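Asks: Need a 3D model of the sequence below.
(chains A and B)
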Amino acid sequence: MFKTFKIGGVHPEANKLSAAKAIVDAQLPKVAIIPLAQHIGAPANAVVQKGDKVKVGQLIGEANGFVSANIHSSVSGTVSKVDLAVDVAGFKKPAVFIDVEGDEWLETIDRTDTLIEEIKDDAKTIVGKIKDAGIVGMGGATFPAHVKLAIPEGKKADFLIINGVECEPYLTADHRLMLEKSAELIVGVKILMKAINVTKAYIGIEANKPDAISKLTDLCAKEQGIEVVPLKLKYPQGGEKQLINAVSGREVPSGKLPIDAGAVVQNVGTAFAVYEAVQKNKPLIERIVTVTGDTVATPSNFRARIGTPVAELIAAAGGDVEKSGKIISGGPMMGKAMANLESTVTKGTSGILMLSEEKAVRPEAGPCIRCAKCVDACPMGLEPYLLMQYSQRQMWAEDEANHIMDCIECGCCIFSCPAKRPILDYVRLGKNTVGKIIRSRKQ
Amino acid sequence: MEIVLYSVIALALLGLVLAAVLYVVAQKFKVQEDPRIDEIVALLPGANCGGCGYPGCRGLASAFVSATDISGLKCPASSAETMKKIGAILGQEVVESEPKIAVVRCNGSCQNRPKVNRYDGAQSCAFAATLSAGDTNCSFGCLGHGDCVAACRFDAISINPETGLPVVDDSKCVACGACVKACPKGIIELRNRGKKDRRLFVSCVNKDKGAVARKACTAACIGCGKCAKVCAFEAITVENNVAYIDFEKCKMCRKCAAECPTGAIHEVNFPPRPPKAEATEEKPVQTNA
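Replies: Next up, the predicted model:
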């Protein structure tokens, strides 16, 4: 019997079109546009200027504060300008523009494929290296990894959970990584275990990836304390709190962090990046991006450098922009519809999903009949229909009292709503506003 | 017959006793309220728009009555006449202030500002503003989902279906400021009504560099500063690539509007320009505020 989380959840069609496609290297871009804000927290400060020559792996943006991350050049060439560039949403954010010349890497980076199993560094050095490498949560949330690994005073991690769930339909980046870089991944897990000083780690994988489950289970058989946990198919199992519940049965209290339940959760992509940073001295300069959808000729998994224009990846996979009704950065459930195609791959771009007009269009909303399907579906045990109506009426105090801040924005409410009401839209609005109110209260 | 008599007497007695109880209770727990509050409430518009900063018209009326100095209090929706009457009730002098009106500082109509994507989320500017920069390349302009329309208690603002932009009705707007607060982009501003409702303002808040702004919208202010140069009253400042006309200093000479290369400066309710100004003839006088 496979495990899963207790409350709520939905079953969207998996549509893993690119699951059998091996990861291929994407072409180097001609101009790389590397945003300085690719993570949650303060944007990095640029440390290069126009005209500077940079090599692959060179620091170009310095973390600005504790919750921030370093940014490294993913290409070699000349900095043409440090200017504003449009992001996925159409907002203009500071970025470093680099004209690519050749592919010259920093000498300190070990580019060989040899597996280095022995972990020489101690916990403090490991976290330091992770911080220097600018590693963030690769699942899409882009929370700086070193912050999660810094266990607050008085709290203790009991175990590490590695998130290989990939419950978002269409996306296969983590799946391919688990298959192709299994050995490296396991070393990455061991490094993370050492960093937070735990002896137990679980790798949660959903049952629709039997090849990944069997491969990692075989590898873990000879490892101490690492266990692969196959999970029943259910969205949003990849949510941190849901995964902790599914794997360990523990519950993260409302308003608290996973560490309060004794767990630290990291994505498989993060674990692999940690391996590369600690063992190979390689900063986070590339990631796996799934380009998929029903208007893509050959759904593919690319290893793309950060800063590669999204349009180039779409072209490489044979995506038809004209026929697409929506192009989404990320998966269909939690991804963000792109406002333009000028943006580039960032540390959080797990996929580019192109959907045809019929699939993408949002039907007209009907009235709410209080059927409570959204209440059943909500994995956080909230009442989405109620939160939506409070937000529509700008009743922020009631929103707060009904735990709107616990919402993880997974979209199960909209998915389950028979009237197709824009529930999450308004809940997000409420969450934003209540968040602002709470922050202003603290000051 | 007897039963009718007894019933009438019993009910009458019961009524008298209860009336006495009610009278005693009403006297004992009487709420002492200044009668002037009711008088002032009767004068106020009763829309409870919150433009004054108090919870509804009654809230403002109580504030009026309890304040020792009423110079800081004002119902933005009431006329100067009403304010004078309120002053008379309280026996205090009311400082007269220039009547104001809301102006929408965006001219990004469908024609001027081409759409680059399609938004199909909730019809709420507040939400759309958190999600993306909008469906055009201008990340500062009007989103057009009508949060200002929903916020207006005086039915004074509506979305023009042709341009997709909000239009303020001169005769209905009382400048309560509800739309200003509702607009997540900060496009709407309260400006002096001016003589004969004439207004002159920069109808753009795009802070992008000139070329970027112009590419996104043909009617954008590109921050060229020509208007500031031509202004004889130092009323125009250019900051962050966008010009702003200070309505306290502006003398409504309209030289700036004639100079503006993109037509971003709007003149409202002015008579047509004299024909001698040939050079500016091509530009139609804007009448949508």
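Asks: Around chain A, which positions in the stretch 151-289 of chain B sit nearby?
Replies: Proximity of the stretch 151-289 of chain B to chain A (CB under 8 Å from any CB of the partner chain) is limited to residues B:Asp208. Glycine gets a C-beta too; all of them are placed from N, C-alpha and C.
Asks: And the average pLDDT for stretch B:101-114 is what?
Replies: Mean pLDDT, stretch B:101-114: 91.
Asks: ok, that stretch near chain A or not?
Replies: No. Stretch B:101-114 stays clear of chain A (CB under 8 Å from any CB), getting no nearer than 12.4 Å.
Asks: tell me the contacts of the closest residue in space to A:Pro152 that isn't next to it in sequence?
Replies: Of all residues not flanking A:Pro152 in the chain, A:Ile259 sits nearest, at 6.8 Å (CB to CB, 6 or more residues apart in numbering or on different chains). Shown in contact with A:Ile259 (CB atoms under 8 Å, 6 or more residues apart in numbering or on different chains): A:Ile151, A:Pro152, A:Lys155, A:Ala157.
Asks: Roughly how far does the second one sit from chain B?
Replies: Spelled out, that is A:Pro152. The gap separating A:Pro152 from chain B is 30 Å, by CB to the nearest CB, to the nearest Å.
Asks: With A:Asn340 instead?
Replies: Distance, A:Asn340 to chain B, using CB to the nearest CB: 6 Å.
Asks: Wait, that residue touches B:Val116, no?
Replies: Yes. At 6.0 Å, A:Asn340 counts as touching B:Val116 under the criterion of CB atoms under 8 Å.
Asks: what is in contact with those two at once?
Replies: B:Asn137.
Asks: Can you classify the spatially closest residue to A:Gly239 that is not a sequence neighbour as helix, strand or coil?
Replies: By the measure of CB to CB, 6+ apart, the closest residue to A:Gly239 outside its immediate chain neighbours is A:Ile408, 5.2 Å from it. With DSSP: H, G, I helix; E, B strand; the rest coil as the basis, A:Ile408 sits in coil.
Asks: from memory A:Ile408 sits against A:Pro236, does it?
Replies: Yes. Counting by CB under 8 Å, A:Pro236 is a contact partner of A:Ile408 at 7.0 Å.
Asks: So these two - more neighbours on which side?
Replies: Shown here are A:Ile408 and A:Pro236; by other CB atoms under 10 Å in any protein chain shown, A:Pro236 has more neighbours (26 against 17).
Asks: can you tell me which residues contact that one?
Replies: Contacts of A:Pro236 by CB under 8 Å, 6+ apart are A:Gly9, A:Cys167, A:Gln242, A:Met333, A:Met334, A:Pro379, A:Ile408, A:Cys410, A:Cys412.
Asks: at 10 Å what do you get?
Replies: By CB atoms under 10 Å, 6 or more residues apart in numbering or on different chains, the residues touching A:Pro236 are A:5, A:8-10, A:12, A:165, A:167-168, A:242-243, A:333-334, A:379-380, A:408-412.
Asks: and these, which are buried?
Replies: Buried positions within the contacts of A:Pro236, assessed by neighbour count (16 or more other CB atoms under 10 Å in any protein chain shown), are A:5, A:8-10, A:12, A:165, A:167-168, A:242-243, A:333-334, A:379-380, A:408, A:410-412.
Asks: contacting residues for B:Gln86?
Replies: If you look again at residue B:86, you'll see it is Ile, not Gln. By CB under 10 Å, 6+ apart, the contact list for B:Ile86 reads B:36, B:39-40, B:43-44, B:60-61, B:64-65, B:70, B:73-75, B:78, B:92, B:94.
Asks: Return the alpha-carbon coordinates of the host helix or strand of it using CSV.
Replies: If you go by DSSP states H and E, B:Ile86 is part of helix B:80-90. The C-alpha trace of helix B:80-90 is given here as CSV (Å, rounded to 0.1, in the frame of the first residue of the first chain):
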residue,chain,number,x,y,z
ALA,B,80,-18.6,74.5,-0.2
GLU,B,81,-22.2,75.6,0.6
THR,B,82,-22.8,72.5,2.7
MET,B,83,-19.5,73.0,4.5
LYS,B,84,-20.5,76.5,5.3
LYS,B,85,-23.8,75.3,6.8
ILE,B,86,-22.0,72.7,8.9
GLY,B,87,-19.6,75.5,10.1
ALA,B,88,-22.7,77.6,11.0
ILE,B,89,-24.2,74.7,13.1
LEU,B,90,-20.9,74.4,15.0
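Asks: and after the longest helix along chain B, which helix or strand comes next?
Replies: Ranked by residue count and defined by DSSP state H, the top helix of chain B is helix B:2-28. Counting by DSSP H and E, the next helix or strand C-terminal to helix B:2-28 is helix B:35-43.
Asks: other SSEs contacting the next helix-or-strand element following that following helix?
Replies: Next helix or strand after helix B:35-43 toward the C-terminus (DSSP H and E): helix B:56-66. Judged by 3 or more CB pairs under 10 Å, 6 or more residues apart in numbering or on different chains; DSSP states H and E, helix B:56-66 is in contact with helix B:35-43, helix B:80-90.
Asks: For the ones you listed, which has the smallest mean pLDDT value?
Replies: Here the lowest mean pLDDT among the helices and strands packed on helix B:56-66 goes to helix B:80-90, at a mean of 87.
Asks: quick one, that one and helix B:56-66 angle?
Replies: Counting by axes from the mean of the first three to the mean of the last three CA atoms, to 10 degrees, helix B:80-90 lies at 50 degrees to helix B:56-66.
Asks: how about helix B:80-90: buried residues?
Replies: Quick answer for helix B:80-90 (16+ other CB under 10 Å): B:Thr82, B:Met83, B:Lys85, B:Ile86, B:Gly87, B:Ile89, B:Leu90.
Asks: Check which helix or strand B:Phe201 maps to.
Replies: Assessed by DSSP H and E, B:Phe201 sits inside strand B:199-202.
Asks: Past that strand, which element shows up next along the chain?
Replies: Beyond strand B:199-202 toward the C-terminal end (DSSP H and E), the next one is helix B:210-216.
Asks: next SSE after that following helix?
Replies: Following helix B:210-216 in sequence order, the next helix or strand is helix B:226-230 (DSSP H and E).
Asks: So what does B:Asp147 look like in phi/psi?
Replies: Phi and psi for B:Asp147, reported as degrees, to the nearest 10, are phi -60, psi -30.
Asks: dump the residue contacts of it.
Replies: With CB under 10 Å, 6+ apart, B:Asp147 has these contacts: B:123-129, B:166, B:179, B:181-185.
Asks: and which of those is nearest to chain A?
Replies: Of all these, B:Phe127 has the smallest distance to chain A: 4.2 Å, by CB to the nearest CB.
Asks: so what's that closest one up against?
Replies: With CB under 10 Å, 6+ apart, B:Phe127 has these contacts: A:391, A:422, A:424-430, A:432-433, B:121, B:143, B:145, B:147, B:184.
Asks: And the buried ones among the contacts of B:Asp147, selectable in ChimeraX?
Replies: Buried residues among the contacts of B:Asp147 (16+ other CB under 10 Å), as a ChimeraX selection:
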select /B:123,124,125,126,127,128,129,166,179,182,183,184,185
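Asks: State the pair within the contacts of B:Asp147 that is farthest apart.
Replies: The most widely separated members of these are B:Gln123 and B:Lys181, with 18.6 Å between them, by CB to CB.
Asks: looking at chain A, which residue ends up farthest from its center?
Replies: A:Ile369 (34.9 Å; CA atoms, centre = their mean).
Asks: which stretch of helix or strand covers that residue?
Replies: Taking DSSP H and E as the definition, A:Ile369 sits outside all helices and strands.
Asks: which residues touch it?
Replies: By CB under 10 Å, 6+ apart, the residues touching A:Ile369 are A:Tyr385, A:Pro418, A:Ala419.
Asks: The helix or strand where the first one lies near chain B anywhere?
Replies: Taking DSSP H and E as the definition, A:Tyr385 sits inside helix A:384-392. Yes. Interface with chain B: helix A:384-392 contributes A:Met388, A:Ser391, A:Gln392 (CB under 10 Å from any CB of the partner chain).
Asks: The last one contacts A:Ala365, correct?
Replies: By that I understand A:Gln392. No. Assessed by CB atoms under 10 Å, A:Gln392 is found out of contact with A:Ala365, at 11.8 Å.
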